[in-house]
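S.K.: Sharing a sequence plus its predicted fold:
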Amino acid sequence: MILVLRALGVGDLATAVPALRGLRAGLPGRELVLAAPAWLAPLAELTGAVDRVLPTTGPDRIAWTGPPPEVAVNLHGRGPLSHRALAAVRPGRLLAHRNPDAGHPDGPVWDDDEHEVRRWCRLLHAYGLPADPGDLALRRPAVTGVPAGVTLLHPGSKIPAKRWPADRFAGLARELAARGHRVAVTGSPDERALAERVARDAGLPPAAVLAGRTGLAELAALVAGARLVVSGDTGVAHLATGYGTASVVLFGPVPAAHWGPPPDRPRHRALGAVERTTVNRDSTGSGRVGTHPTLDAIGIDEVVAAVVDVERVSGAVAA
């Protein structure tokens, strides 16, 4: 049995898909258990690599009661907390980045200046296991009743510094609607008021607000069938990459070189120039946010131009 720790969010799980599939291919015939928040179970199923989810909200909360796993894999962080939590379940082998302070001198050295997808693939490569950074595709959920062909705007983020201003999202919604897009606004239940404000200021009908009305499987189905996604650097952007849905992603304090869509995929655009990284992650994966005005430098016209370009390229690719 393989126990994998990745107790984070939607984008974090989506960027770990190549590593999860590499574990499945490189260690066949074993049950793969993902220690992650329970609400991520629908997305874990769509990876096609996870057998079951062990509800886990952080590395200090791994409620493992079974026999020691054959292999434990830290796809959560650099340690020491996450390393020690996995070592505590007494696996036959721990695959993790090098951290002598956590009693783990094995594994590759952590690289801060590395894309999140490649980070975990490189970890597996160091242990002789396969992982293809381009293997990001997600299965389509068996969900019906969600609108198809809509343009999804996702103005929210758990980290306020990653939010493009709401008035610009509203202006973008007005412009795209005028160009014939059927615009809908997505978000979590906590972001419903923000989505309602964007829709109201854009002159969209109340039915265009989908924030708080979709579970994770429904959101994945929406993205899979969407015409286009415009969002900040958040989980929805990674769903768009996983489904090959045209997208424009607005980056703020974290560079696209670390979390953006693959640069060789013409259906996706990353906007925002970053002078320095001001969001770091500790061993629990929590964001410590400084202030950086990157998103303020992105205007509506620039996003509209990116939308036009990505749709032109997407049409050419589809043809």
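M.R.: Arrived safely.
S.K.: make it CA atoms for all contacts and neighbour counts henceforth
M.R.: OK.
S.K.: which SS state does Asp167 fall under?
M.R.: Per DSSP: H, G, I helix; E, B strand; the rest coil, the local secondary structure of Asp167 is helix.
S.K.: how near is it to Asp233?
M.R.: Asp167 sits 18 Å away from Asp233, going by CA to CA, to the nearest Å.
S.K.: More neighbours: which of those two?
M.R.: For the pair Asp167 and Asp233, the greater number of neighbours falls to Asp233 (29 against 15), based on other CA atoms under 10 Å.
S.K.: Touching, that one and Val249? I think so.
M.R.: Yes: using CA atoms under 8 Å as the test, Asp233 is close enough to Val249 to be in contact (6.2 Å).
S.K.: what residues do those two have in common as contacts?
M.R.: Shared contacts of Asp233 and Val249, defined by CA atoms under 8 Å, 6 or more residues apart in numbering, comprise Gly260.
S.K.: Which stretches in the chain count as helices?
M.R.: Under the criterion DSSP state H, the chain carries helices at the ranges 10-15, 17-26, 41-47, 81-87, 116-126, 166-178, 192-202, 216-224, 235-243, 256-259, 300-318.
S.K.: May I have the fourth one exported as CSV, CA atoms only?
M.R.: Same thing as helix 81-87. Extracted as CSV, the C-alpha positions of helix 81-87 are listed here (Å, rounded to 0.1, in the frame of the first residue of the first chain):
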residue,chain,number,x,y,z
LEU,A,81,6.6,18.6,10.0
SER,A,82,5.2,16.7,7.1
HIS,A,83,8.2,14.3,7.0
ARG,A,84,7.9,13.5,10.7
ALA,A,85,4.1,12.9,10.3
LEU,A,86,4.7,10.4,7.6
ALA,A,87,7.6,8.8,9.4
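S.K.: Quick check: mean pLDDT of it?
M.R.: Average pLDDT, helix 81-87: 96.
S.K.: can you check the third one too?
M.R.: Average pLDDT, helix 41-47: 98.
S.K.: Domain map for the chain?
M.R.: Per the record's domain assignment (automatic domain parsing), the chain is made up of the domains 2-126, 151-318.
S.K.: Spit out the contact partners of the closest residue to Trp39 other than its chain neighbours.
M.R.: Distances taken as CA to CA, 6 or more residues apart in numbering put Leu216 closest to Trp39, at 7.8 Å, once the chain neighbours are dropped. By CA under 8 Å, 6+ apart, Leu216 lies in contact with 39-40, 42-43.
S.K.: With Ala44 instead?
M.R.: Each residue near Ala44 by CA under 8 Å, 6+ apart is listed here: 13, 50, 52-53.
S.K.: right, and the helices of the chain - which one's nearest His97?
M.R.: Closest of these to His97 is helix 116-126, at 6.8 Å (criterion: CA to CA).
S.K.: ok so, going back, for PyMOL, what selects the buried ones among the contacts of Ala44?
M.R.: Buried residues within the contacts of Ala44, as defined by 16 or more other CA atoms under 10 Å, are selected in PyMOL through the command that follows:
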select buried, resi 13+50+53
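S.K.: just to revisit the earlier point, where among the domains of the chain is average confidence lowest?
M.R.: Per-segment mean pLDDT for the domains of the chain reaches its minimum on domain 151-318, at a mean of 88.
S.K.: Find the nearest non-adjacent residue to Ala137, please.
M.R.: Closest residue in space to Ala137, ignoring its immediate chain neighbours: Gly242 at 4.3 Å, by CA to CA, 6+ apart.
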